[in-house]
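Visitor: Give the three-dimensional model of this entry:
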Amino acid sequence: MRDQYSGDLSDYIKFALLRALACEDRTLGMAWYYIPGHDGRNDGHHLEWRKDLAWRALDPELFDALCNLPERSIAALERLKIWPKGTVFHREPVPSRLLRVQWAAQMRETMANGNLIFLDPDNGLGAHPKKHATFADVRGFRAPSRSLVSIKFPAMENYESQVQKLHERLKAETGTILGFTLLTNVAVSRADDPRYFVQRSRWFSVIDSDATLLDRASRYAAALSSIPRAKARIIKFEPDQQ
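Guide: Residues are numbered from 1 along each chain as shown. Below you'll find the model as predicted:
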């Protein structure tokens with residue numbers, strides 16, 4: 001996660017989801033996977049949703065807070081009054097590969113009391129020590145009565161196949177067999193010509209889920225899908241074949 005992304009459409013979608021999942025009975029942990037500095041890309045520029053009141057219906061309190069974000073930084077996000085009671089944050093920058101094991105252990109210690117942990121790297125799950133949350137991170141965070149949420153930025157190909165491969169990899173790498181992935185897609189206006197739209201997909205896998213989280217995610221998906229040019233659906237982990 002980088003400061004330049006703070007308060008953009010992706011943040012609104014994911015924070016609204018996390019608030020919906022946590023409610024008042026889960027302690028949220030935000031593992032930012034923070035990388036200081038600008039990466040020179042144009043990511044994080046989609047703020048046009050702030051002018052569309054249809055988006056406010058998803059989470060009015062969050063909508064108002066992000067529209068009035070005083071500066072685009074992770075620190076400013078943490079200071080907002082949007083977080084469920086007891087939310088804990090880990091904002092230590094992602095270090096070099098040599099120091100990453102120690103860094104990950106510190107992150108787990110910071111999140112020790114959290115039972116709903118969100119992993120927020122630049123590029124989802126994978127092997128790159130800075131760009132990804134690793135499968136070792138997921139294994140390290142798993143604990144009884146705790147659920148994890150990871151983000152994925154899918155390729156423009158067969159979504160069903162990608163979800164199946166993701167679930168199979170999670171089972172093989174981490175041992176989790178309970179969970180689901182929430183697929184979200186929003187059509188956003190092109191920067192060079194706002195008359196045209198491009199698709200932006202963000203997926204959220206909930207690992208070690210329970211029936212309550214599935215129900216809350218289903219209601220969130222219905223609310224998101226009611227917004228023009230937005231849609232969401234859930235695919236559950238398939239049981240292993242005997």
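
Visitor: Student question: in this protein, what's the helix or strand with minimum average pLDDT?
Guide: Taking mean pLDDT, DSSP states H and E as the measure, the helices and strands of the chain show their lowest mean at strand 197-207, namely a mean of 85.

Visitor: Dump the C-alpha coordinates for that strand into CSV.
Guide: Below are the C-alpha coordinates for strand 197-207, written out as CSV (Å, rounded to 0.1, in the frame of the first residue of the first chain):
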residue,chain,number,x,y,z
PHE,A,197,-15.2,3.4,-19.3
VAL,A,198,-12.7,0.7,-18.4
GLN,A,199,-13.2,-2.3,-16.0
ARG,A,200,-11.5,-2.4,-12.7
SER,A,201,-11.7,-5.6,-10.7
ARG,A,202,-10.7,-6.2,-7.1
TRP,A,203,-11.2,-9.6,-5.5
PHE,A,204,-11.2,-10.3,-1.7
SER,A,205,-10.6,-13.8,-0.4
VAL,A,206,-11.8,-14.5,3.1
ILE,A,207,-9.8,-17.3,4.6
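
Visitor: Neighbouring strands of that strand in the sheet, and parallel or not?
Guide: For strand 197-207, sheet partners with direction are given as strand 147-152 (antiparallel), strand 179-189 (antiparallel), following DSSP bridges.

Visitor: For the shortest one, what is the distance to the chain centroid?
Guide: In terms of CA atoms, centre = their mean, to the nearest Å, the centre of strand 147-152 is found 6 Å from the chain centre.

Visitor: ok, and for stretch 91-102, which residues are buried?
Guide: By neighbour count, with 16 or more other CB atoms under 10 Å as the criterion, the buried positions of stretch 91-102 are 91, 94, 100. From N, CA and C alone the C-beta is placed, and that goes for glycine too.

Visitor: Next: stretch 79-93.
Guide: Taking 16+ other CB under 10 Å as the neighbour-count basis, stretch 79-93 is seen to contain the buried residues 80, 82, 83, 84, 87, 88, 89, 90, 91.

Visitor: Save these as JSON lines, and put in pLDDT and distance to residue 18 too.
Guide: Written out in JSON lines, the entries for the buried residues of stretch 79-93 read as follows (pLDDT from 0 to 100; distance: CB to CB, whole Å):
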{"residue": "80", "pLDDT": "95", "distance to residue 18": "13"}
{"residue": "82", "pLDDT": "96", "distance to residue 18": "10"}
{"residue": "83", "pLDDT": "96", "distance to residue 18": "9"}
{"residue": "84", "pLDDT": "95", "distance to residue 18": "8"}
{"residue": "87", "pLDDT": "96", "distance to residue 18": "9"}
{"residue": "88", "pLDDT": "97", "distance to residue 18": "13"}
{"residue": "89", "pLDDT": "96", "distance to residue 18": "12"}
{"residue": "90", "pLDDT": "95", "distance to residue 18": "15"}
{"residue": "91", "pLDDT": "93", "distance to residue 18": "16"}
